[in-house]
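Student: structure, please.
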Amino acid sequence: MRLTSKGQITIPQHVRHELGLQPGDEVDVVVRDGVATIVPATGPTGRGHRMVDALIGRGDVELSTDEIMSLTRGEDG
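Tutor: Below you'll find the predicted structure:
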């Protein structure tokens with residue numbers, strides 16, 4: 001297989017067939033000890049889920065949820 005300038009490869013038909021992959025299916029690439037493995041995606045997938053997963057635990061706001069909601073509603077302390 002050859003990697004394109006965009007970082008893409010074509011998964012051979014026999015591999016897609018063995019994994020049961022169809023056009024539009026999501027896959028994950030798992031890297032362990034320098035070896036990349038392509039597996040069918042499990043659980044929620046898509047760009048939105050990946051963005052949320054990347055942001056979880058990164059917030060640094062010290063306000064409670066009630067305090068934040070109060071600010072967004074324009075309520076006084």
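
Student: quick check: next helix or strand after the helix or strand bottoming out on mean pLDDT in the chain?
Tutor: Lowest by mean pLDDT, DSSP states H and E among the helices and strands of the chain is helix 47-55, with a mean of 80. As assigned by DSSP states H and E, the chain's next helix or strand after helix 47-55 is helix 65-73.

Student: kindly export that next one (C-alpha atoms) in CSV.
Tutor: Provided in CSV are the C-alpha atoms of helix 65-73 (Å, rounded to 0.1, in the frame of the first residue of the first chain):
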residue,chain,number,x,y,z
THR,A,65,-23.1,24.5,37.1
ASP,A,66,-25.7,26.6,38.9
GLU,A,67,-23.4,29.6,38.9
ILE,A,68,-22.7,29.2,35.2
MET,A,69,-26.4,28.8,34.4
SER,A,70,-27.1,31.9,36.5
LEU,A,71,-24.6,33.9,34.5
THR,A,72,-26.0,32.8,31.2
ARG,A,73,-29.5,33.7,32.3
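
Student: for it, buried residues please.
Tutor: Neighbour counts over helix 65-73 (16 or more other C-beta atoms under 10 Å) mark no residue as buried. Every C-beta, even on glycine, is put in place using the N, C-alpha and C of the backbone.

Student: show me the shaky parts of this protein.
Tutor: Counting by pLDDT under 70, the chain shows low-confidence ranges at 45-46, 76-77.
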